[in-house]
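1. Could you look at this predicted model? Sequence included:
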Amino acid sequence: MSKTQVKGENPMLIKRISVSQKRQITIPIEFYNSVGIDKEVECYVQNDTIVIRPVRESSGEFDEQILADLIGQGLSGQELLGKFKETRRQVRPAVERLLDEAHRATQGEASSNTYEDVFGSEAE
């Protein structure tokens with residue numbers, strides 16, 4: 001049974017779903033369709049809440065920089081296209097590694113760099 005709860009101007013669809021013995025859930029079709037889930041979702045915990053949201057491929061934040069670098073390397077045509085796709089797929093894992101490293105540093109589990117370590121001091 002689902003119900004719609006209205007908070008402010010945004011109605012919120014709420015549905016109670018069961019969890020299997022293997023800790024699996026089935027996403028209700030109306031939720032699945034409304035948020036545009038394709039092949040994958042990402043899941044994280046925030047403020048004691050489990051958030052499940054569709055995985056969105058890169059929205060192009062680094063596309064111009066990637067293309068400029070590859071063109072600067074003399075690539076063009078199909079070679080450029082292939083290398084661009086390969087490089088673009090590497091962006092998300094690289095950012096996730098950086099975030100993980102930053103999290104471990106804040107927990108004291110890894111070394112961290114100061115601003116001066118990264119950019120040098122103003123006197124240099």
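-> Good, I have the coordinates. Numbers count the residues shown, from 1 in each chain.

2. from here on, contacts and neighbour counts on C-alpha atoms
-> Noted.

3. Report how many residues lie close to Leu75.
-> 17 (other CA atoms under 10 Å).

4. again, but for Leu80
-> Using other CA under 10 Å: Leu80 sits among 16 other residues.

5. What separation do you get for it and Gln107?
-> The gap separating Leu80 from Gln107 is 41 Å, by CA to CA, to the nearest Å.

6. Walk me through the domains of this structure.
-> 1-56, 57-124 (automatic domain parsing).

7. Mind putting those domains into JSON lines with mean pLDDT?
-> Compiled in JSON lines, the domains of the chain are given as follows (pLDDT from 0 to 100):
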{"stretch": "domain 1-56", "mean pLDDT": "84"}
{"stretch": "domain 57-124", "mean pLDDT": "81"}
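
8. and Val45, what are its phi and psi?
-> When quoted as degrees, to the nearest 10, the phi and psi of Val45 stand at phi -110, psi 130.

9. That one contacts Val51, correct?
-> Yes - contact criterion CA atoms under 8 Å: Val45 and Val51 qualify, at 6.1 Å.

10. What helix or strand is Cys43 located in?
-> strand 41-46 (DSSP states H and E).

11. what's the burial count for Arg53?
-> 15.

12. in a strand, that's where it is, yeah?
-> Yes - assessed by DSSP: H, G, I helix; E, B strand; the rest coil, Arg53 belongs to a strand.

13. Let me see the contact set for it.
-> Shown in contact with Arg53 (CA atoms under 8 Å, 6 or more residues apart in numbering): Val35, Ile37, Val41, Glu42, Cys43.
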